[in-house]
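Asks: From the sequence below, what's the structure:
(2 chains)
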Amino acid sequence: MEMKNIAPPILVLVIFLIVWSIAAHLYNMAFLLPNPLQVAQAFAADIDMVMGGLWITFQEALYGYLLAISIGITSAAVMSQSKILERSFYPYAILLQTLPAVAVAPLIVLWFGFEMKSVIIISLIISLFPIINNTLLGLKSTSINLVELFQMHKSSRFVSFFKLRLPAAIPNVIAGLRISAGLSVIGAIVGEFIIGSGSEGGGLGVQVIYAQANLETALVMALILTATALGFMFFMSVSTLGHYLLRHWHESEIT
Amino acid sequence: MIEVSEVTKDFGYVHALRKVDLKIKTGEFVTIVGPSGCGKSTLLRIIAGLIDPTDGGVDKPDDSMGAFVFQDSALLPWRTVQKNAELLMELEDGFSKNERVSKASSALQQVGLTGFEKHYPHQLSGGMKMRLSLARSLVLSPEYLLLDEPLSAVDELTREVLQEEIYTLHKKEKFTSILVTHNVSEAVFLSNRVAIMSPRPGKITHIVNIPFNGRNQKLRSSTKFHKLVGDISGKLRSWK
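Replies: Residues are numbered from 1 along each chain as shown, chains lettered A, B, ... in the order given. I've put the predicted structure just below:
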């Protein structure tokens, strides 16, 4: 990455840290608003615990995300093949999005236990819809001329799907994956809030609850920043994948 | 011989085509001209077998290989020039990998795209995209080629050059050509016969024979050429 790309966000960060420091100084109540340095110290002091939590949350979010990707793309592919299937199932895909996942989470825990499994399922539910929606949109937006070209040469549904519809949908698939990258981490944290102390060790979400109960505000903030960084890492991984797949041909990636 | 008999097409309440008859001889170049929305593209798609007529039918020799050239080139943006030229051979059965590569290369050479094999479509000009689209069809050694306003998006100079190239390919590869265009001088320059369609519901009202032998730049400025363009334009304008 070039300097001109990195410099502006770094500048914003520096300004943000300065404003935060000033605010914390004026407010002068570290247990409510610690300054950036105190957050960094809290992070350093409990680094082993935070890294342990990060590892757990990372796995939960990753499995939830990978499941959402495979289920999302497969169901969009199936729906794209027939109007009847789309009409039958798409409304329920929307319900999945409007479903108050936070409220359903306790039910999931009830069914699947106070285990990582439940957290993964909650992460899956929260990150699934954008992938289905964007992939389906992409699969249905193939240029009519290209569809006719394939039709003219009698290609099967299978061939048309893999040589035309799917590659044409990749920009949309990537857009869906980018939205869901952060959601999968949010889902994992929500899941951890629900299963709480029941889990062994405890991911970042569990640690947030404990730290908050002990009024360790600096640690709460350190944990939040760690979870944010995790979501950001997911996002960047997908962006990199998108760049790799689209770099030669899609407007969004051609420089 | 491609024979269009009494083809009628309705889209709901819209009557697109009314009893269209047209016989195209093997190796002939026929152009269909008509006002916008007269159903000429629909007719071409019916001939291609992409749309079914409401009534009537199209007779083509059994198993004859056809290819369709679209207005916007219809290339796959994620494939290189070489891979785009190989596409139709992947869709049609019976081409080995080696055959695909060598046929694509020679077709690209024919249209002057040698050296651009590794480029992607977005790196090509409109004229080059259309050349690639032609090359992609040529690899199949089609018996007939259907062209749907292929040159409407390129600049005037490129258009004239491409018209000459299309004519040369048509003569050399001996495929039957059916062109749809709204450009009358293009129709006169390329065709053996020009079929004129009326506004919706589309119907072929006149067929004009074009008596020229050979096509070159000089023909465009000849009086005979201008007179034919004028005649056909006059017939088209009479609808308005």
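
Asks: ok, A:A188 - contacts?
Replies: With contact set as Cβ atoms under 8 Å, 6 or more residues apart in numbering or on different chains, A:A188 has these partners: A:57, A:60-61, A:64, A:119-120, A:122-123, A:203, A:205. Just so you know, the C-beta spots here come from the backbone N, C-alpha and C atoms, and that holds for glycine as well.

Asks: quick one: it from chain B, how far?
Replies: Going from A:A188 to chain B by Cβ to the nearest Cβ, to the nearest Å gives 34 Å.

Asks: How far off centre is the helix or strand harbouring that residue?
Replies: When secondary structure is defined by DSSP states H and E, A:A188 falls within helix A:166-195. The chain centroid and the centroid of helix A:166-195 are separated by 4 Å under Cα atoms, centre = their mean, to the nearest Å.

Asks: picking up where we left off before, with secondary structure and distance to A:L95 as new columns, can the contacts of A:A188 be given to me in JSON lines?
Replies: Below are the contacts of A:A188 laid out as JSON lines (DSSP: H, G, I helix; E, B strand; the rest coil; distance: Cβ to Cβ, whole Å):
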{"residue": "A:T57", "secondary structure": "helix", "distance to A:L95": "27"}
{"residue": "A:E60", "secondary structure": "helix", "distance to A:L95": "24"}
{"residue": "A:A61", "secondary structure": "helix", "distance to A:L95": "23"}
{"residue": "A:G64", "secondary structure": "helix", "distance to A:L95": "19"}
{"residue": "A:V119", "secondary structure": "helix", "distance to A:L95": "22"}
{"residue": "A:I120", "secondary structure": "helix", "distance to A:L95": "21"}
{"residue": "A:I122", "secondary structure": "helix", "distance to A:L95": "16"}
{"residue": "A:S123", "secondary structure": "helix", "distance to A:L95": "18"}
{"residue": "A:G203", "secondary structure": "coil", "distance to A:L95": "28"}
{"residue": "A:G205", "secondary structure": "helix", "distance to A:L95": "25"}
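
Asks: ok, and the most crowded of these?
Replies: Scoring those on neighbours with other Cβ atoms under 10 Å in any protein chain shown, the highest-scoring entry is A:V119 at 34 neighbours.

Asks: Leaving out the residues flanking it, which one is nearest to it?
Replies: A:G191 (3.3 Å; Cβ to Cβ, 6 or more residues apart in numbering or on different chains).

Asks: How many residues are close by the residue of the stretch 1-150 of chain A found nearest chain B?
Replies: Residue nearest to chain B within the stretch 1-150 of chain A (Cβ to the nearest Cβ): A:N145, separated by 4.1 Å. Residues within reach of A:N145, counting by other Cβ under 10 Å, total 16.

Asks: got the contact list for the residue positioned nearest the centre of chain B?
Replies: Central residue of chain B (Cα atoms, centre = their mean): B:L147, 1.7 Å from the mean position. Neighbouring residues of B:L147 by Cβ under 8 Å, 6+ apart: B:68-69, B:166, B:177-181.

Asks: so of the residues you listed, which ones are in strands?
Replies: B:68-69, B:177-181 (DSSP state E).

Asks: my guess is the residue of the stretch 1-150 of chain A closest to chain B meets B:A74, correct?
Replies: Yes: look at A:N145 against B:A74 with Cβ atoms under 8 Å: they come within range, at 4.1 Å.

Asks: domains for chain B, by residue range?
Replies: Listed by automatic domain parsing, the domain ranges of chain B are B:2-64+B:146-237, B:79-142.

Asks: Go ahead and confirm A:L241 touches A:I174.
Replies: Yes: using Cβ under 8 Å, A:L241 is in contact with A:I174, at 7.2 Å.

Asks: okay, these two: which has more neighbours?
Replies: Neighbour count, other Cβ under 10 Å: between A:L241 and A:I174, A:I174 has more, with 22 against 14.

Asks: Kindly provide the distance from the more buried one to B:L147.
Replies: Distance, A:I174 to B:L147, by Cβ to Cβ, to the nearest Å: 35 Å.

Asks: measure the residue nearest to A:V119 to chain B for me?
Replies: 37 Å.

Asks: and that residue, what does it touch?
Replies: A:60, A:105, A:108-109, A:118-123, A:205.

Asks: how about 7 Å then?
Replies: The contact partners of A:G191, taken as Cβ atoms under 7 Å, 6 or more residues apart in numbering or on different chains, are A:60, A:105, A:118-119, A:122-123.

Asks: now A:L146
Replies: A:164, B:74.

Asks: Ok, B:P201 next?
Replies: Residues near B:P201 by Cβ under 7 Å, 6+ apart: B:15-18.

Asks: Distance from the helix or strand of chain B with the lowest mean pLDDT to the middle of the chain?
Replies: One helix or strand of chain B scores below all others by mean pLDDT, DSSP states H and E: helix B:217-220, with a mean of 87. In terms of Cα atoms, centre = their mean, the centre of helix B:217-220 is found 21 Å from the chain centre.

Asks: cool, and stretch A:148-168?
Replies: 31 Å.

Asks: Would you mind listing what in chain B touches chain A?
Replies: Counting by Cβ under 7 Å from any Cβ of the partner chain, the residues of chain B close to chain A are B:48, B:50, B:68, B:70, B:72, B:74, B:77-78, B:88, B:91-92, B:120, B:122.

Asks: hmm, back to that, could the contacts of B:P201 go into JSON lines alongside secondary structure?
Replies: As requested, the contacts of B:P201 are arranged in JSON lines below (DSSP: H, G, I helix; E, B strand; the rest coil):
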{"residue": "B:H15", "secondary structure": "strand"}
{"residue": "B:A16", "secondary structure": "strand"}
{"residue": "B:L17", "secondary structure": "strand"}
{"residue": "B:R18", "secondary structure": "strand"}
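
Asks: would you list those in JSON lines and tack on distance to A:L215 and pLDDT?
Replies: Output for the contacts of B:P201, formatted as JSON lines (distance: Cβ to Cβ, whole Å; pLDDT from 0 to 100):
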{"residue": "B:H15", "distance to A:L215": "79", "pLDDT": "89"}
{"residue": "B:A16", "distance to A:L215": "75", "pLDDT": "90"}
{"residue": "B:L17", "distance to A:L215": "80", "pLDDT": "91"}
{"residue": "B:R18", "distance to A:L215": "84", "pLDDT": "90"}
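
Asks: Can you tell me which of the residues you listed comes closest to A:V39?
Replies: Of all the contacts of B:P201, A:V39 sits closest to B:A16, with 69.3 Å by Cβ to Cβ.

Asks: ok, the nearest residue to that closest one once chain neighbours are set aside to chain A distance?
Replies: Nearest residue to B:A16, sequence neighbours excluded (Cβ to Cβ, 6+ apart): B:G39, at 4.1 Å. Per Cβ to the nearest Cβ, B:G39 is found 16 Å from chain A.

Asks: Ok, B:K19 next?
Replies: Going from B:K19 to chain A by Cβ to the nearest Cβ gives 25 Å.
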